[in-house]
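Asks: kindly generate the corresponding structure for this input.
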Amino acid sequence: QTVNFSGSTKLDPILHLEMQNARLEEIANSLADSVHYRSYVASGIADRLVSIKLLGTVDELALEIERRQQIKVVVDHENREIRFLADKVLPSFYQKEVIENEHKSNY
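Replies: Modelled structure (predicted):
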């Protein structure tokens, strides 16, 4: 039997990541190392202690860590990097709420 793969086919390995009382920086490094990527962790969250036991693709693990830790985890396949960012909060100038007539003069 022959199996043909097109250029767009991507095989994602299933990873098992289990760490007890590990710093988020250590978790990011382990996750990145498992897929031969670089890692970046925001300094404000790098020392946060976490215990995790996860199974899935790198993207699935990133989403679960993001959900559980309430941070932003970016898996950048193009640049081969995983980034752990401080939070999901957008800067205030990106918020969808618009104050009507905010810039109108009262005169």
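Asks: quick check, central residue of this protein?
Replies: V73 (1.3 Å; Cα atoms, centre = their mean).
Asks: does anything pack onto the helix or strand harbouring it? Which helices or strands?
Replies: Secondary structure from DSSP states H and E places V73 in strand 72-76. Using 3 or more Cβ pairs under 8 Å, 6 or more residues apart in numbering; DSSP states H and E, the elements in contact with strand 72-76 are helix 58-69, strand 81-85. Yep, even glycine has a C-beta here, placed from its N, CA and C like the rest.
Asks: which of these sits most buried?
Replies: strand 81-85 (a mean of 20; mean count of other Cβ atoms under 10 Å).
Asks: got the phi/psi numbers for V35?
Replies: phi -120, psi 10 (degrees, to the nearest 10).
Asks: residues near it, how many?
Replies: Using other Cβ atoms under 10 Å, V35 is surrounded by 17 other residues.
Asks: could you check the pLDDT of it?
Replies: V35 is assigned a predicted lDDT (pLDDT) of 96.
Asks: ok, it touching D59?
Replies: No: counting by Cβ atoms under 8 Å, V35 sits too far from D59 to count as a contact (10.0 Å).
Asks: quick one: the strands in the chain, in order.
Replies: Listed in chain order, the strands of the chain (DSSP state E) span 15-23, 38-41, 49-56, 72-76, 81-85.
Asks: partner strands of the fourth one, parallel or antiparallel?
Replies: Sheet pairing here is set by DSSP bridges, and for strand 72-76 it gives strand 81-85 (antiparallel).
Asks: check the average confidence over the strand it pairs with, would you?
Replies: Per-residue scores along strand 81-85 average to 97.
Asks: residues in contact with the closest residue to L17 other than its chain neighbours?
Replies: In space, and not counting its chain neighbours, L17 is closest to L54: 4.9 Å by Cβ to Cβ, 6 or more residues apart in numbering. L54 sits next to L15, H16, L17, E18, E60, L61, E64, I65 when contact means Cβ atoms under 8 Å, 6 or more residues apart in numbering.
Asks: next: D33.
Replies: S39.
Asks: what's the spacing between it and D76?
Replies: Distance of D33 to D76, given as Cβ to Cβ, to the nearest Å: 15 Å.
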